[in-house]
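Novice: Kindly generate the corresponding structure for this input.
(chains A, B, C and D)
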Protein chains: 4
Amino acid sequence: MVGYKFMGKAHSHAYKDVGMFFDTEANVVMKAICGRDENGVKEAAEKFGWDSYETDWRKMVTREDIDFVDINAPSDAHKEIALAAIAAGKHVFCEKPLALNLADGREMLAAAEKAGVKHAICFNYRFLPAVQLAKQIIDEGRLGEIHHYRATYLQDWLVDPNTPLAWRLKKEVAGSGAHGDINAHSIDLARFLIGEFDRVVGHNRTFVKERPLLTSSSGLSGNASATEKGEVTVDDATGFLADFKNGAMGMFVASRFAAGRKNHNTFEIHGSKGTIRWDLERLNELEVYFREDEPSLAGFRTILATDSSHKYAGNWWPAGHIIGYEHAFVHIVYEFVQHMTTGSPFTPTFYDGVKCQEVLEAVDLSIERGAWVNVDEV
Amino acid sequence: MVGYKFMGKAHSHAYKDVGMFFDTEANVVMKAICGRDENGVKEAAEKFGWDSYETDWRKMVTREDIDFVDINAPSDAHKEIALAAIAAGKHVFCEKPLALNLADGREMLAAAEKAGVKHAICFNYRFLPAVQLAKQIIDEGRLGEIHHYRATYLQDWLVDPNTPLAWRLKKEVAGSGAHGDINAHSIDLARFLIGEFDRVVGHNRTFVKERPLLTSSSGLSGNASATEKGEVTVDDATGFLADFKNGAMGMFVASRFAAGRKNHNTFEIHGSKGTIRWDLERLNELEVYFREDEPSLAGFRTILATDSSHKYAGNWWPAGHIIGYEHAFVHIVYEFVQHMTTGSPFTPTFYDGVKCQEVLEAVDLSIERGAWVNVDEV
Amino acid sequence: MVGYKFMGKAHSHAYKDVGMFFDTEANVVMKAICGRDENGVKEAAEKFGWDSYETDWRKMVTREDIDFVDINAPSDAHKEIALAAIAAGKHVFCEKPLALNLADGREMLAAAEKAGVKHAICFNYRFLPAVQLAKQIIDEGRLGEIHHYRATYLQDWLVDPNTPLAWRLKKEVAGSGAHGDINAHSIDLARFLIGEFDRVVGHNRTFVKERPLLTSSSGLSGNASATEKGEVTVDDATGFLADFKNGAMGMFVASRFAAGRKNHNTFEIHGSKGTIRWDLERLNELEVYFREDEPSLAGFRTILATDSSHKYAGNWWPAGHIIGYEHAFVHIVYEFVQHMTTGSPFTPTFYDGVKCQEVLEAVDLSIERGAWVNVDEV
Amino acid sequence: MVGYKFMGKAHSHAYKDVGMFFDTEANVVMKAICGRDENGVKEAAEKFGWDSYETDWRKMVTREDIDFVDINAPSDAHKEIALAAIAAGKHVFCEKPLALNLADGREMLAAAEKAGVKHAICFNYRFLPAVQLAKQIIDEGRLGEIHHYRATYLQDWLVDPNTPLAWRLKKEVAGSGAHGDINAHSIDLARFLIGEFDRVVGHNRTFVKERPLLTSSSGLSGNASATEKGEVTVDDATGFLADFKNGAMGMFVASRFAAGRKNHNTFEIHGSKGTIRWDLERLNELEVYFREDEPSLAGFRTILATDSSHKYAGNWWPAGHIIGYEHAFVHIVYEFVQHMTTGSPFTPTFYDGVKCQEVLEAVDLSIERGAWVNVDEV
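Specialist: Numbers count the residues shown, from 1 in each chain, chains lettered A, B, ... in the order given. Purely as a prediction, here's the structure:
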């Protein structure tokens, strides 16, 4: 694994726990974790339970005792590491975004396909029981024809103008701001649930243009310099309209300036037969309305997706005992391990990373142009 | 009063009850109600408590015993009636939309201003205690600089393809569909709460193109013909992005195809100091988040705006005894009566009707063009 | 009508509006309102729309132009007025509690039955659409055998020790505190929904023993004396366990010391087939869980009881346009008017007032004894 | 560790993960797991990550390489194992209930105190961030004097009469039904939050007297025999009133017959300055109302206790990334490990197990007597 901060911890936890709650075909062995700072990565290796650590990812991705590589380093490093791992014949599990831009993403997909390795992109929210239930309801036709899809992904960690200039706020490292970081999740969920985008038009903002430089960092946060400031080169918020290929109308907004919304990743989908609503802050619940219920008894059902009839939920605790954020990583790791060892079907792959990137870039192009852009155009 | 159906009932109720709960400067006397169908209007006059009825609005608007005229007939009749009432020197209270198009609306505004009569447009939701509280919070600067405004107005009465072709679905009578009927409310609330629109871009749909003809009607509903169908000539749903003059990003959607959402008129506003959220289906409640609360104790407050400290609420019942939909009409009537008799400040007037219409038409123009449109352009 | 304060206003409104929204067999004519203070009652008569006023209820209850008498004076006056009205052959509509004690209540019931007049007690919450829906669900057997019934009725207007000593806090006028005032509503709803009580055991508190004397009053509130205090002689809160005759377990609490709960009248009922939950602060909604729903899709449905399929709702506005607190009075008045004129079935009558009082007194007796008391014993 | 089913899994997970998210003074080494069925325990040892397994707990509790023993075997085995472990000088961490009855519990407490070993009882819910926040608010006096405490712990796995007769339904193994299993949690939280009980009075039910025998078991569930039935010898539901030593009124109900309530462990506490409400099904949230907020802005705050300012939350993920049920075990294990190694303060100990058992038995005695029972009496 390359990377050992916020995502490194979440991924490590998944590798550690997957065998305890799921029957995987092969046991996961946590061989090596890699990072540039030796002290940091050594400590992470011990704390997270890795057998060894490396400071040079080039060395790690070619180690013979390693079958697959997990990449959760900052976004600007994804491409180079992935290509090297693929060249070494390793399976690859990459954090989103796949790459800093669409061209790079396409190159990575082509390389993986050519090499015949298994590849995955970590759109982890697909793997929550409530989201799986939403997918099942739609696939079974219980929502009918889809008319509307609306998503928000709202956080508020940047409302404070003194929040420092982390790598996620620099275009050259992160590629994008709220758009690439969190709209990406919403776009992937929309593709997963109702299909491909046709065209988009958007707008964005960088509300705070300069922020204190970062003097040290840890996870999402860090300490701010008292005196020096630097320019924020990514968006604080991006919203867009979408038309889907199936005719549905879409509406998306991602913001890091939504006071009080900590991780408000939501979708609401209206179909000819009903409606579904979901919110990551209450990730165990799915709200569903069925028009076929008797009129006097129809209402939004709040389904607690912790029953053994809900996908993955039965592997954890009895009904009503909720799971948390990191469980989605356990589930995606379970599915990818099964995919690598048994060839069971698996998405999302690099292909989904590319398709997501297409929509992201089409939105950016629409902002430049002030007009709708067909996604096929980018 | 001209009109005696859904809105006629709501307005009549307001005139009837206003003096019981509010101390108006002048007593409201319900002189005459007017409609084309004599049996219908006669029955309404008795049931709703009007002293007399008329079948010819031209006659009524010139009656000497009448000081002000309430127009809630179908939208295509607003202009002609209003101009006649203004010409007769009557004050005018008009249902939204002001007119079928912007040019007509501007003509009405000019006429009212020239004649020096008092004029109002019935954007009733401004007058709910929770909405007044939202306004007060924003005006006092407690939300800080506004970054985001999002509104939905969702209903589901058209999801059933057998819902008949009522007048609200014909462009020549209604002017517009979900856009003019319910986005209009959202646009007005946005203007009321955070100010003017700069530019917009939208999309719309008519999901069901043909519907059974209507054989009789009552309020919003009626009976459908079993055999004959007619074309739906208005939008079922319209969504749009907006930039506000104050720099805020906006997002609006109106739909009559949102299964399970009966009257889901909501707004959510993010500022640099906090967030406000409101929903008409729980119209007594306002959700508010203040960043200045201690971090460990900050959370969305669900304020039940029924306390005597909340505007209008003290005129009704003790705290916790909620009010309903029709109360907003009582409040707007109270304010307009005070305005007519004491000259107290009053909005929304025809000016607000015109400003709302500008945004509606700019959205329609953006849909034609596939690009952003400046509101000042229309 | 005798009484013209909080309840007087609510009842007057119901008489005024009932004919506008409901087709009553006979028109309601608001003949006369009565109160001891001439200025106060005169003003109320004008404001509320009564044809005349009286200051002597003895005179009013024998007026020949009056067919029925509404009693909402303070509780200690109910008995005398009711007996006089019954003696005069008038139908009687009485606010709860029926009387200050069970013996008085039984005397009133016997008098009304002997005289053959129609009689009603104003347990208004039975008449809300969501409560009617709960009743229907239970009566249709959709909840199965009832296992649990829990109710709260929580307010917070006495948490402030400076809230003055209103008549509702004096035993000789009010008879009881939170117990008789608001547990009474919960007891009636329980009897209405699942049937009779078998035995009870309770506890109570008067948290604040002395309060400032009241110097003037209006509705529920008034001004407090700065210097003089008086003793609170009723309970601030009463809770009790109950066994029902059908075997269900019950749990009830009424308090005026529940900070933040303004009018939190709730019930939750668990049966072998499902669960129902309701809250007066969101009185248009009913939450229902059906065990017969598919396991993966079962969840609490939030039903917005504003559809035309919901009792009374169709008489007001289209679906999603909520009603408020006072509407329940319109509905009970409608039903009682129909009962008086057509003989249609009607509950709750004085009989229900007596049965409720039996439970209230059994709880008080259990508190004295420190042990369970059979309701049949009192 | 003795036991390897539902609780065995939850505890194992805690030992496995604690070092990854918390800085413990000493590393936890998972030496041995013990169970009677060799195949079962062997598989559990591998899956859960234990170094070895035993089938004889007597052997395990005396192994020299073991410092502390975790007991989560069925309740009837707790006493014997704990006494043996204490005799061997091991620290002991015991699942609730401490023992089948109060006398046994007191014996265990005395033995542990005499031996000077560290002891803990697994009332895990104390260790959730939202519950810790509730504790802090109360301890800081922000709720003022406590007037009311109400708790529910509702599940529904027994509503189906075909749910088989698991060990939890047999008095000789489990000691008690819903009362000892889940009221125990509510009693402990009440003691933790507001203090000791004074007196209680209760009632209970066994709604379904006979159930199919169990043919195999796993966790909470298992397969039912088609033909043979056995008697249920514990309560399905127990409710009780309580008076607290501080004067507060209490109300508790535990049931396994509450359709739709899966794990509805809630408390609501009213004080002179505010109210707190919590629900295990949304365990990351705490609802708080402060009377000192401005009247027009006061409302229940929904606090998402995932911020770094919330106890334990900062050890997991950024704000808004919720945690689940099993995290409480990680936290209690962390605190107990610190307690054993550094002597840091720790509750709940066997003392708390005994105090909880006193209340449970006082309630049972009150049911026998049909009257209030002082807790000091048992």
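
Novice: Count the residues that sit near the residue in the stretch 1-150 of chain A that chain C sits nearest to.
Specialist: Residue nearest to chain C within the stretch 1-150 of chain A (CB to the nearest CB): residue A:133, separated by 6.5 Å. (Glycine included, C-beta is placed from N, CA and C.) For residue A:133, the count of nearby residues is 23 (other CB atoms under 10 Å in any protein chain shown).

Novice: so what pLDDT did it get?
Specialist: With respect to pLDDT, residue A:133 scores 98.

Novice: Check the secondary structure at it for me.
Specialist: Counting by DSSP: H, G, I helix; E, B strand; the rest coil, the backbone at residue A:133 sits in helix.

Novice: phi, psi of residue A:251?
Specialist: The phi/psi pair for residue A:251 (degrees, to the nearest 10) reads phi -150, psi 120.

Novice: Residue B:254 is in contact with that one, correct?
Specialist: No - judged on CB atoms under 8 Å, residue A:251 makes no contact with residue B:254 at a distance of 11.6 Å.

Novice: which neighbours do those two share?
Specialist: Common neighbours of residue A:251 and residue B:254, using CB atoms under 8 Å, 6 or more residues apart in numbering or on different chains, are residue B:239.

Novice: Of these two, give the one with the bigger neighbour count.
Specialist: Just comparing residue A:251 and residue B:254: by other CB under 10 Å the higher neighbour count belongs to residue B:254, 30 against 23.

Novice: what separates the more buried one from chain D, distance-wise?
Specialist: Residue B:254 sits 28 Å away from chain D, taking CB to the nearest CB, to the nearest Å as the criterion.

Novice: tell me which element that residue is part of?
Specialist: strand B:249-255 (DSSP states H and E).

Novice: before we move on, the earlier item: please give me every residue in contact with the residue of the stretch 1-150 of chain A closest to chain C.
Specialist: Applying CB under 8 Å, 6+ apart, the residues contacting residue A:133 are A:286, A:303, A:305, A:310, A:311, C:296.

Novice: Would you mind listing what in the stretch 1-150 of chain A touches chain D?
Specialist: A:6, A:9, A:10, A:12, A:13, A:16, A:17, A:19, A:20, A:47, A:48, A:49 (CB under 8 Å from any CB of the partner chain).

Novice: so where's chain A shaky on pLDDT?
Specialist: Residue ranges of chain A with pLDDT under 70: A:216-222.

Novice: Now do the domain split for it, please.
Specialist: As recorded under automatic domain parsing, the domains making up chain A are A:6-124, A:126-319+A:350-369.

Novice: how long is the shortest one from one end to the other?
Specialist: In other words, domain A:6-124. 14 Å (CA to CA, to the nearest Å).

Novice: do the same with the last one
Specialist: Domain A:126-319+A:350-369 has its terminal residues 32 Å apart, counting by CA to CA.

Novice: Also stretch A:285-300?
Specialist: Stretch A:285-300 end-to-end distance (CA to CA) = 12 Å.

Novice: Other residues contacting that stretch?
Specialist: Stretch A:285-300 is contacted by residues A:130, A:133-134, A:137, A:142, A:272-279, A:301-305, B:156, B:159-160, B:259-260, C:133, C:136-137, C:286-288, C:297, C:299, C:301-305, C:307, C:309-310 when judged by CB under 8 Å, 6+ apart.

Novice: From those, keep the buried residues only.
Specialist: Buried by 16 or more other CB atoms under 10 Å in any protein chain shown: A:130, A:133-134, A:137, A:142, A:272-279, A:301-305, B:156, B:159, B:259-260, C:133, C:137, C:286-288, C:297, C:299, C:301-305, C:307, C:309-310, out of the contacts of stretch A:285-300.

Novice: Sitting in helices, which of those residues do you find?
Specialist: The helices, defined by DSSP state H, take in A:130, A:133, A:134, A:137, C:133, C:137 from the buried ones among the contacts of stretch A:285-300.
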